[in-house]
Structure formats: C-alpha cells, structure tokens
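>>> Dropping the sequence and predicted coords here.
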Amino acid sequence: MNGGVNGVALTVFIIFFVAVTVMGFLAARWRKAENEASLDEWGLGGRSFGTWVTWFLLGGDLYTAYTFVAVPAAIYAAGASGFFAVPYTILVYPLIFTFLPRLWSVSHKHGYVTTSDFVRGRFGSKGLSLAVAITGILATMPYIALQLVGIQAVLDVMGVGGGENTNWFVKDLPLLLAFGVLAAYTYSSGLRAPALIAFVKDGLIYLVIAVAIIYIPIKLGGFEHIFSAANDKFDAANEAAGKPVAGLAPGSSGTWTYATLALGSALALFMYPHSITATLSSKSRNVIRRNTTILPLYSLMLGLLGLLGFMAIAAGIKVQNGQLAIPQLFEDMFPDWFTGVAFAAIGIGALVPAAIMSIAAANLFTRNIYKDFIKPDATPAQETKVSKLVSLLVKVGALAFVLTMDKTVAINFQLLGGIWILQTMPALVGGLFTRWFHRWALLAGWAVGMLYGTLAAYGVASPTQAHFGGSSAEIPGIGEIGYIGLTAFVLNVVVTVVGTFVLKAFNAPDGVDETSREDYTADAGDKGVQTELPTVGAGAGH
C-alpha cells in the first residue's frame, strides 16, 4: 500500500461526496407530495418511480460497494469459483418476472409496504408476519455494515485516518462523517435520496469499469499475460496446499458448491427487504416487467468487474486483507485523479444501498412490530416518525458492528443473513400463487430452516474462524458439499408441505385471507385500495 495520503484522489473523492450529499438533501423536494407524513411517501417514494428511476434504484440497491470490492476479491483469492455471482444474477431475473408483478399488484391494492404486510394479509397470521419481519431485519443489519466496510476499504487505501496505531477517533473520523451524512439525508428525504443519487452512482461505476477493462490490460500487457499470471499463482497455491484450492476454471469437486450457491443466492436475492422496497416504489406492474428485461445489463457489468481480480494478480498486488485488492489496484494503475473517481464510485456505491437497506429495515419494524404489537392505532404520521428514528438506530447498529468487530465477522454474518432470508421464500412467493399452505406449517418450516441453517453454518470452520467460517457444508443424504441456505430451504419446504397435509387433516383453524384473485393482477389504474378485512375465507380458493 502506498504511504501517505493520496491528496489528488482524496480531493476528487470529496468533491463527488459533497455533490451527492447535496443531492441527497435536495431529493426531499423531488416529486414532493402534498402529504409526506406516510410510509408510502417517505419509505416508498410515493410509489411513483418509472422504468428508468426504478432501474437505477434497483441497480444501486443490488450492486453495492461490497459487490464492487468482494466479487473481484473472491476471484483474486480463489479464481473462477468467485464468478458464481454472475450466473446467479442471470438466474434471478426470470424468477422475479414470475412473482414480482403479482407482489406489486397486491401491495398496491392493499397498501402493503413490506413483505410482512403481505404475509399477514394473505395468511391472517401476525406470528408468521413477525417471523418474516425479524428475519428481514437480522439479515439486513450485517449487509448495511458491509457497505461501511466498503467505504472504509477505500479510505484505508487513500491513507485517510492514519495507521493502526493512530487514536481510534482520528482513525475512524472519516467513516463517522460519512455515516453522519448518510443518516442525515436518509432521515430527511427517505427513499427519494438514494433514488436520485443512484443515477450518479451507477454512471460512475459503469464509467470506471469501462475504463478499467480497457486501460488496465493495456498497461499489464494484455489479457493473455493477465490470465497466465493468474494461472501461475493458482497452480502454486494448489501445489502448496496439496489439493485444488483455486483455478481459472472451477474444479469438478466444487460443482455442487458452485451450482447450489448460485441457485440459492438467486432465490434469496429478492427476499431481502431492500429489494422489495425498491420494487414497491414503482408506479406500475409494467415497470417491474420492463426492469426484469433490462436489469441483466448489470450482470454484464458484474462479469467484467470480476476480471479485475485476475488483473490484481497480474499487477502484483499484495494485501493482507483481500477486500483491499481492488482499491489498491486502482491506486496503482490509474492516474491519481481517476483513482479519485473510482474511489468515489465505490464510496457512493455504499451510500445508496445502505440508505435503502436502513429504510427497508425501519419499515419492517414500524409496520410489523410497532404497529402490530405495540401501537395498533398508530397514525400514518406516527408510523413515519418511528420509521425515521429506527432507520437511524439501524445505521448506528451497523456502524458499531464495523467499529467494534473484526471485518471477517461482518462478512460471515452477511453470509448467515443470506441463509436466513431464503427461509422466508415459501411464505412470500408461495403465498403469491396459492393459499394452500397452512400458516402454522409455514411457521414450522421457517423455524426448521432457520435452526438447521444457523447450526450448520456455526459448524463451518475456516483457517481464520472456528465458527461461521463459510456458507457451504455437506448436504445430508447426498454427501456433496453444497450451499447451506439451499439445503435449509429444502427442509423448510418439506416441513411446510407435510405440516400442511397434517393440519388440514385435523381441520386446524386457518387464518383470514384479506386478498382476492383479482388483486394479484391489479394495475395502477385500478382504484379502491382495501382498508377493511373481507369476510372469513375470502380468496381462500385460489
């Protein structure tokens, strides 16, 4: 790592950071509503975003600073196995095309703000809704922390904050300032702030990757040299380990791990609260459909981004923390002024998703814990105030996580979050297509999946961690190594199906379904949002 502060890069970084900060506060006046005291306005941008705003918002939401840092870092360390992120983002878009328009329609019709709102309305179960809400909050917290880790990685490479022996306050002051700015404009502008800033964030990322994929290979002697250098490194690592641990192509022994991780990650991605929050901010179901056809452009970007891991090897980047490999590559390869642009892309790439995630977690708490269990008669204005305050607390928790715990712990908890959030899929996606599942069976399946996934992940060790050292373990009954989240999901579904048969056989009381068949295809032009529960059993036949 270069010594001292990179003054030019830091200046460019600050200019961009100040610019998006101003945009964040001005966003409160963008598409300003007559009544801002509601979660629809603060937490969903008034459900008014069109195709392009939604595209940038979803892209800013899903392709984060941590993606920018971690995907090529995984390829830098282990080779082609790190490319699992590319096929999973390809798999996810046909999946979401089948269910997101239905979720948008029923949410529009009934005023649902969160997935837990839908689960409660569909199955008539506050307990199941609470389980989904708690899972969403737990899975989101470490994800927010990792966005702050991304900012910290950039600051470290720029030399900001001093060395390890520097006073902790001085060392962490830049991150504290970035956090303060994020918290302030999220509180002020709600979802409109990240929606507006996402245009800058995605534009910068596309620019940086376009330049990097052309400029860096020219400086390194071409892709042939890059791949040759990477292959030599992986061969040496395999020889030292006495077994295949890395390579330019995944080994046959890792097929199950690669495939299950890609599939499980694809199933989990749009279960995250922030993904749903960005989706529900759209103004029509056709906006969702159009976005599923153009979002794969980000998958192309992700594939090119992954190649930076090989370039870091060819450039001779040596770092103790693999998360610093790509920021260090940028500082070594680019002119100082463009290094500042690249670092700004990563830094702003952390602010956008962190803002959306904190809003999504806050909405879950407000709607499905505070209103359902603490203050059922809360007014829209009270809901909005609570959600704003909770969004601050969520970010404070994430900041404390980053400042007090080892970064690998944050990464491991984020992997655990992916396992957890996948367990909400039977209730959410299953409920969008059928009312057959029994609410108690769904809750039992969720509990089994959560318990198995957590215990299995706890038993995974790594060279640096005794527990939670990874997200893959042996699949029971098959003997292959696979993604724990997908195994837990299969157990979840089995318990849910068997439990439903048993409960229906004993005529266990089912909940009230407040939705109807027509709600799942309703569009923005359809009037009459329901505010009262229909008669018992309504909609139960579909």
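Good, I have the coordinates.

>>> my guess is N291 meets L58, correct?
Yes - shown here, N291 and L58 form a contact pair, counting by CB atoms under 8 Å, at 6.2 Å. For glycine as for every other residue, the C-beta is placed from the backbone atoms N, C-alpha and C.

>>> what about the closest residue to L248 other than its chain neighbours, distance to S265?
Excluding the flanking residues, the one nearest L248 by CB to CB, 6 or more residues apart in numbering is N231, at 5.3 Å. Per CB to CB, to the nearest Å, N231 is found 27 Å from S265.

>>> Would you state the strands of the stretch 401-542 of the chain in chain order?
Using DSSP state E, counting those that start in this stretch, the strands of the stretch 401-542 of the chain run over 472-474, 481-483.

>>> so which of the ones you listed comes closest to K371?
Taking CB to CB, strand 481-483 is the member of the strands of the stretch 401-542 of the chain nearest to K371, at 35.0 Å.

>>> Now do the closest one, average pLDDT.
Strand 481-483 comes out with an average pLDDT of 92.

>>> next one: phi and psi at A315?
phi -80, psi 0 (degrees, to the nearest 10).

>>> neighbours of it, just the number please.
Using other CB atoms under 10 Å, A315 has 19 neighbouring residues.

>>> Quick one: low-confidence residue ranges for the protein.
1-3, 31-36, 161-171, 405-411, 525-542 (pLDDT under 70).

>>> so where's the longest helix in this protein?
What stands out as the longest helix in the chain, according to DSSP state H, is helix 126-158.

>>> neighbour count winner among N291 and L58?
Comparing N291 with L58 by other CB under 10 Å, the one with more neighbours is L58, at 27 against 23.

>>> How far away from the center of its chain is the helix or strand harbouring that one?
For L58, the host element (DSSP states H and E) is helix 51-62. Offset of helix 51-62 from its chain centre (CA atoms, centre = their mean, to the nearest Å): 13 Å.

>>> Would you confirm that the residue nearest to L248 contacts A246?
No - if you go by CB under 8 Å, N231 and A246 don't touch, sitting 9.8 Å apart.

>>> Between these two, which has more neighbouring residues?
A direct count of neighbours by other CB under 10 Å for N231 and A246 places A246 higher, at 23 against 17.

>>> what's near enough to touch the most centrally placed residue in the chain?
With distances taken as CA atoms, centre = their mean, L62 lies nearest the centre of the chain, 5.4 Å away. Shown in contact with L62 (CB atoms under 8 Å, 6 or more residues apart in numbering): T89, L269, S275, Y298, P353.

>>> among these, who's most crowded?
P353 leads the contacts of L62 on contacts (other CB under 10 Å) with 28 neighbours.

>>> contacting residues around that residue?
By CB under 8 Å, 6+ apart, the contact list for P353 reads G60, D61, L62, T64, A65, Y143, Q147, P194, H274.

>>> With adjacent residues omitted, what lies nearest to it?
Closest residue to P353 apart from its sequence neighbours, by CB to CB, 6+ apart: T64 at 4.2 Å.

>>> Dihedrals phi and psi, the one you found?
According to degrees, to the nearest 10, T64 has phi -100, psi 180.

>>> neighbours around it, how many?
Count around T64 with other CB under 10 Å applied: 27.

>>> quick one on the thing from earlier: closest one of the contacts of P353 to K385?
Taking CB to CB as the measure, P194 is the one of the contacts of P353 closest to K385, at 20.0 Å.

>>> hang on, the earlier thing: my read is that the residue nearest to P353 contacts A350, right?
Yes - counting by CB under 8 Å, A350 is a contact partner of T64 at 6.7 Å.

>>> returning to that earlier point: right, and the helix or strand after the longest helix of the chain?
Toward the C-terminus from helix 126-158 - assigned by DSSP H and E - lies helix 168-189.

>>> show me where the stretch 351-500 of the chain has helices.
Counting by DSSP state H, counting those that start in this stretch, one finds helices in the stretch 351-500 of the chain at the ranges 380-404, 407-422, 425-433, 439-458, 484-505.

>>> Could you dump those helices into a markdown table and include distance to I134 and mean neighbour count?
Converted to a markdown table, the helices of the stretch 351-500 of the chain look like this (distance: least, CB to CB, whole Å; neighbours: other CB atoms under 10 Å):
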| stretch | distance to I134 | mean neighbour count |
| --- | --- | --- |
| helix 380-404 | 13 | 19 |
| helix 407-422 | 9 | 21 |
| helix 425-433 | 13 | 21 |
| helix 439-458 | 10 | 21 |
| helix 484-505 | 16 | 20 |
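
>>> how about the ones you listed in TSV, adding distance to F17?
Shown next, in TSV, are the helices of the stretch 351-500 of the chain (distance: least, CB to CB, whole Å):
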stretch	distance to F17
helix 380-404	17
helix 407-422	22
helix 425-433	36
helix 439-458	36
helix 484-505	35
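
>>> how about the strands of the stretch 401-542 of the chain, which one is nearest E239?
strand 481-483 (22.1 Å).

>>> if we look at that closest one, which residues are touching it?
Identification of contacts with strand 481-483 by CB under 8 Å, 6+ apart yields 254, 256-257, 259-261, 263-265, 471-475.

>>> follow-up on the earlier one: just the contacts of L62: which are in helices?
T89, L269, S275, Y298, P353.

>>> out of these, which one sits closest to I346?
Closest to I346, out of all of the ones in helices among the contacts of L62 and judged by CB to CB, is P353, at 11.9 Å.

>>> got the contact list for V181?
F17, T21, G24, L351.

>>> ok, it to L175 distance?
V181 is 11 Å from L175, by CB to CB.

>>> Please apply the same query to P463.
Counting by CB to CB, the gap from P463 to L175 is 28 Å.

>>> Between the two, which has more neighbouring residues?
L175 (20 against 5).

>>> Report the spatially nearest residue to the more buried one, omitting neighbours in sequence.
The shortest distance from L175 to any non-neighbouring residue, by CB to CB, 6+ apart, is to Q152 (5.4 Å).

>>> How many residues are close by the one you found?
Using other CB under 10 Å as the criterion, Q152 is surrounded by 24 other residues.

>>> right, and it touches L176 too?
No - Q152 is beyond contact range of L176, at 10.8 Å (criterion: CB under 8 Å).

>>> about what we covered before: any of the contacts of strand 481-483 buried? List them.
Using 16 or more other CB atoms under 10 Å as the burial test, the contacts of strand 481-483 include 254, 256-257, 259-261, 263-265, 471-473, 475 as buried.
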